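A.B. asks: Following is a predicted model, sequence given first.
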Amino acid sequence: MKIIDLRSDTVTRPTAAMREAMYRAEVGDDVFGEDPTVNRLEAMAAERLGKEAALFVASGTMGNLVALLTHCGRGDQVILGDRSHTYLFEQGGISALGGIMPWPVPNQPDGTLRLEDIQKAIREDNVHFPRTRLVCLENTHNMCNGTPLTAEYTASVARLARDYGLRVHLDGARIFNAAAALGMDVRELVREVDSVMFCLSKGLCAPVGSLLVGGSDFIAEARRARKVVGGGMRQAGVLAAAGIVALEQMTGRLAEDHARARRLAEGLAEIPGVEVGPVATNIIYFWLAEGVSKSPEEVVDGLAERGVLLLGRELGRFRAVTHYWIGDEDVERAIGAMRELMGSN
Ligand code: TLP
């Protein structure tokens, strides 16, 4: 029985073309700037996002950490969403390692932060206060139904930030999903921000790696920060080679994952007792209606017994994520498994 793994798009294994490219990759010592494949990936990433330079990092977490260590000093304040990945799921690394003070403001259900809330969180120049340096956004927003932030919204935050001399960092782990969902070039979505992190290892299927992208001076400093957190990776061209294939071959197909997510959501919503959140990209949240007598564990375990894996999240919500290795039949099987589990066959 094929396991239908909907826990995350991080579970994607590399494609045959990626393995081939990894095997053939030309490599050198990247800490000396001599890995031609890493250099090519970084140049491609900068070009694709319309920024001056890029830096290959081991993970999304490392990319966000390096970005924040570069933008902020110890005691500086960063304004970010209370449902953001950086605030919730990166071990508080910005504080632990960077002495940076997070100032969470409420994420709206569509992943945005209200401009008024951002404005109120900006501290004035006063000896008692931390210095506000940075605003972070997340696109698509993982915990807010995978919703894409529009270019207009992002630009409005950037304008506000600039008015106060702040910078903007974008956690764009799934920025190509956002571009696909909004039907626009990714450059438009990131034009107004100072730095962007995006992941190769999620919907784009590469085995490892993320890129931090921004201006050349910022990236030169970020290169130092990456080194101090142990991220100088030497012959990383074997990994970057898969990343190049990801950028060349995988960004154009993400709408397929979104269509399958919509079909999965539609199928689940037809099952009595199942309620489904809005679906805009490849992330679906669903939960059991009030009065259904099944625990979250029973759902996760019951589906796993039927070969369907997903994540139980807080408040009894379940998350399913579609990706390259999930086909139409898998979606129908997942719906069937849930229907059987709910006894509505
Ligand atoms: N998210 C993972 C897990 O951490 C939950 C997932 O399965 O969704 N930013 C965003 C928006 C992310 O969703 C993630 C990973 C990261 C950053 C961190 O990336 P990695 O896992 O490469 O460190």
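C.D. replies: Here it is on my side, so go on.

A.B. asks: where do the strands sit along the stretch 51-200 of the chain?
C.D. replies: Along the stretch 51-200 of the chain, the stretches classed as strands by DSSP state E, counting those that start in this stretch are 53-57, 77-81, 101-105, 132-138, 167-171, 195-199.

A.B. asks: which of the ones you listed sits most buried?
C.D. replies: Compared across these, strand 195-199 shows the largest average neighbour count, a mean of 29 (mean count of other C-beta atoms under 10 Å). In this view, the C-beta of every residue, glycine as well, is placed from N, C-alpha and C.

A.B. asks: Output that strand as CSV - backbone C-alpha positions only.
C.D. replies: This file holds the C-alpha atoms of strand 195-199, laid out as CSV (Å, rounded to 0.1, in the frame of the first residue of the first chain):
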residue,chain,number,x,y,z
SER,A,195,15.2,40.5,2.3
VAL,A,196,13.4,37.3,1.5
MET,A,197,14.0,33.7,2.6
PHE,A,198,12.6,31.0,0.4
CYS,A,199,12.8,27.2,0.6
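
A.B. asks: Hmm, residue 133 is touching residue 75, no?
C.D. replies: No. Counting by C-beta atoms under 8 Å, residue 133 does not reach residue 75; the two are 9.9 Å apart.

A.B. asks: tell me, what's touching those two both at once?
C.D. replies: Among the neighbours of residue 133, none is also in contact with residue 75 (C-beta atoms under 8 Å, 6 or more residues apart in numbering).

A.B. asks: end-to-end on stretch 189-202?
C.D. replies: 19 Å (C-alpha to C-alpha, to the nearest Å).

A.B. asks: Could you report the pLDDT at the residue in the chain positioned nearest to the ligand?
C.D. replies: In the chain, the residue that lies nearest the ligand is residue 60 (2.4 Å; C-beta to the nearest ligand atom). Here the pLDDT value assigned to residue 60 is 98.

A.B. asks: Report how many residues lie close to residue 303.
C.D. replies: When neighbours are defined as other C-beta atoms under 10 Å, residue 303 has 22 of them.

A.B. asks: mind listing what's buried in stretch 40-57?
C.D. replies: The neighbour-count check on stretch 40-57 (16 or more other C-beta atoms under 10 Å) flags 40-42, 44-46, 48-49, 51, 53-57 as buried.

A.B. asks: is it possible to export those residues to TSV including distance to residue 239 and pLDDT?
C.D. replies: Listed next are the buried residues of stretch 40-57 as TSV, based on distance: C-beta to C-beta, whole Å; pLDDT from 0 to 100:
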residue	distance to residue 239	pLDDT
40	13	98
41	9	98
42	12	98
44	14	98
45	13	98
46	18	98
48	18	98
49	19	98
51	21	98
53	19	98
54	14	98
55	14	98
56	8	98
57	11	98
